[in-house]
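[1] Next come a sequence and a model predicted from it.
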Amino acid sequence: MIVPGYRDQPVEPWDREAPVDPGEAEDFLRRCYTENPRLGPVEPRLAIVRAQIAATGSYVHTTEELAHGARMAWRNASRCIGRLYWRSLVVLDRRRARTADEIYSLLVQHLRAAGDGALRPVISVFAPAQPGQPFARVWNEQLIRYAGYRTEAGETVGDPRQAGLTEAVRGLGWRGKGEAFDVLPLVIETPGDGIRLYELPERAIREVPLTHPDHGWFAELGLRWHAVPAISNMRLTIGGVHYPLAPFNGWYMGTEVGARNLADADRYDLLPEIAKRLELDTSRESTLWRDRALVELNRAVLHSFELAGVKMSDHHTESQRFMAHLRNEERAGRPVPADWTWIVPPMSGGLTPVFHRYYEEMDLRPAFYLDDEAANLAQGCPFKRTR
Ligand code: ARG
């Protein structure tokens, strides 16, 4: 199944009516208990889970199962270069929250727990979806994202990737400042409260103003980026149980901001402006003005985060860490599913060790999936629901 705008990721068909698959539950539990001997023997637990599934169509994870399952899902995320630290994921068990207000305040707590300098990887796991029942969700693709306002001239102020959601929240009554870096409100949808908008408090949003180590004019561009990437619309599936609301964060690799968010022609598209300021010859591609501007933009991003004391890694270091992760996992006898097109950094790919090899692409679970419907909601398209 191909989701427009996303490469052909294997999207697990999720039958929302179906009870938990006992085979998948067993497979997960056996792995979980083998990897964590301190949890004791798995057989008695399997008997309980089988009975729970037979009686209710689902089962309830213990706190340890939830925590290890979430870490396994990160370990299995084939597009993530940052998996060396999968064991360090902080798992916040938020399964009891029901109302939109509760969820909102726990999302604010999530961002506080992630930190604002020395960032920690954190996941908040909210209630699982019960077969055939509606569930709570967040429309936004990340907890912190900048609005994109389409102008009449057909241009966009802000992040064009968020233009659809921005239009949707404006339709719901939100008014942004109309500037290039306005943080969007959270759109929280629950069975009990319907769709509600919430503005994040300033203390939950750490941002870094961008400056360049050598060029004073760079600050005049008025660029900034948020410290924490926190994906909020992927479904976490563990042992056949689906958690549609399980936002997670790590820290940024510089190129995500400098070589994609601020550089892509369909995002902030800043390379022409930066090349002009650098007085580069943009009359021909062969002057490599784009590449030269790209390097300076990425130097600015890494420099600014370092100056602000906000954790960020560069693509050389993160590539070496991923190679270490491959060695660790090989020693542990586990395969590492990886998607070359996502693992290789978007600049200077061939300078990094991750470029010079092939990877196995496998759909291992526990896993994170982006459902079509979640992707549509993040574009502000509630009517293109798939089921
Ligand atoms: N690339 C996405 C962004 O720029 C974030 C994806 C997750 N990244 C991470 N370092 N955990 O916003």
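    Arrived safely.
[2] Find the closest residue to the ligand in the stretch 151-300 of the chain.
    Gly250 (3.3 Å; C-beta to the nearest ligand atom). No exception for glycine: its C-beta is placed from N, CA and C like everyone else's.
[3] Next, that residue: phi, psi?
    Note on Gly250: its backbone torsions stand at phi -130, psi -140 [degrees, to the nearest 10].
[4] I'd like the numbering to begin with 112 instead of 1 from here.
    Got it, the first residue is 112 from now on, which makes the last one we talked about Gly361.
[5] contacting residues around it?
    191, 193, 230, 232, 340 (C-beta atoms under 8 Å, 6 or more residues apart in numbering).
[6] Also Tyr363?
    Taking C-beta under 8 Å, 6+ apart as the test, what Tyr363 contacts is 336, 338, 340, 416, 423-424.
[7] how close does it sit to Glu128?
    Distance, Tyr363 to Glu128, by C-beta to C-beta, to the nearest Å: 39 Å.
[8] cool, Arg156 as well?
    Following C-beta to C-beta, the distance that separates Arg156 from Glu128 is 26 Å.
[9] Out of the contacts of Tyr363, which end up buried?
    Listed as buried from the contacts of Tyr363 are 336, 338, 340, 416, 423-424; burial here means 16 or more other C-beta atoms under 10 Å.
[10] Considering only these, which also neighbour the ligand?
    Contacts with the ligand within those, as defined by C-beta under 6 Å from any ligand atom: Pro340.
[11] Number of residues surrounding the nearest residue to Arg432 once chain neighbours are set aside?
    Among residues not flanking Arg432 along the chain, Leu195 sits closest, at 4.4 Å (C-beta to C-beta, 6 or more residues apart in numbering). Residues lying near Leu195 (other C-beta atoms under 10 Å) number 18.
[12] Return the residues in contact with Leu195.
    432-433, 435-436, 439.
[13] cool, Leu308 as well?
    By C-beta under 8 Å, 6+ apart, the neighbours of Leu308 are 280, 283-285, 296-299.
[14] what's the answer for Tyr309, then?
    211, 215, 296-297, 299.
[15] which regions of the stretch 112-261 of the chain sit below the pLDDT cut-off?
    112-123 (pLDDT under 70).
[16] List of residues touching the longest helix along the chain?
    In terms of residue count, the longest helix belonging to the chain (DSSP state H) is helix 400-419. Residues from elsewhere that reach helix 400-419 (C-beta under 8 Å, 6+ apart): 228, 319-324, 326, 329, 334, 336, 338, 363, 365-366, 368-370, 373-374, 381-383, 385-386, 389, 391-393, 422-423, 425, 458.
[17] next structured bit after it?
    Using DSSP states H and E, the next helix or strand after helix 400-419 towards the C-terminus is strand 423-424.
[18] Distance from the chain centre to the helix or strand just after that following strand, please.
    Where DSSP H and E defines the elements, the next helix or strand beyond strand 423-424 is helix 426-442. Remark: helix 426-442 is offset 20 Å from the chain centroid, using C-alpha atoms, centre = their mean, to the nearest Å.
[19] Just want the angle from helix 426-442 to helix 400-419.
    Angle between the axes of helix 426-442 and helix 400-419 is 80 degrees (criterion: axes from the mean of the first three to the mean of the last three C-alpha atoms, to 10 degrees).
[20] Return the set of buried residues in helix 426-442.
    If you call a residue buried by 16+ other C-beta under 10 Å, then helix 426-442 has these buried ones: 426, 429-430, 432-433, 436-437, 440.
[21] which one of those residues sits closest to the ligand?
    Glu429 (8.8 Å).
[22] got a list of what the closest one touches?
    If you count contacts by C-beta under 8 Å, 6+ apart, Glu429 has them with 192-193, 364, 456.
[23] Just send these back as a markdown table, with secondary structure and neighbour count too.
    Below are the contacts of Glu429 laid out as a markdown table (DSSP: H, G, I helix; E, B strand; the rest coil; neighbours: other C-beta atoms under 10 Å):
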| residue | secondary structure | neighbour count |
| --- | --- | --- |
| Ile192 | coil | 23 |
| Gly193 | coil | 18 |
| Met364 | strand | 24 |
| Pro456 | coil | 23 |
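[24] hmm, which two among those residues are most spread apart?
    The span of the contacts of Glu429, defined through C-beta to C-beta, is set by Gly193 and Pro456 at 11.7 Å.
[25] shared neighbours of those two, which are they?
    Jointly contacting Gly193 and Pro456 under the rule C-beta under 8 Å, 6+ apart are 364, 429.
[26] Just read off the phi/psi values of the residue lying farthest from the centre of the chain.
    Relative to the mean C-alpha coordinate of the chain, counting by C-alpha atoms, centre = their mean, the farthest residue is Ser394 (37.6 Å). Per-residue torsions, Ser394: phi -80, psi -20 (degrees, to the nearest 10).
[27] so Arg476 makes contact with Phe139?
    Yes - when contacts are counted by C-beta atoms under 8 Å, Arg476 is listed as touching Phe139 (7.0 Å).
[28] who has more neighbours, these two?
    In this view Arg476 and Phe139 are compared by other C-beta under 10 Å, and Phe139 has more residues nearby, 23 against 19.
[29] thought the more buried one was touching Gly350?
    Yes - in this structure, Phe139 is within contact of Gly350 by C-beta under 8 Å, at 3.2 Å.
[30] Now do the shared contacts for the two.
    Common contact partners of Phe139 and Gly350 (C-beta under 8 Å, 6+ apart): 176, 180, 476-477.
[31] before we move on, what SS does Ala162 have?
    helix (DSSP: H, G, I helix; E, B strand; the rest coil).
[32] burial count for it?
    If we define neighbours as other C-beta under 10 Å, then Ala162 has 11 of them.
[33] again, but for the one 10 residues further on
    For His172, the count of nearby residues is 24 (other C-beta under 10 Å).
[34] try Gly243
    11.
[35] Can you pull the residues of this structure lying near the ligand?
    So the chain meets the ligand at 193, 253, 340, 342, 361-364, 367, 372 (C-beta under 6 Å from any ligand atom).
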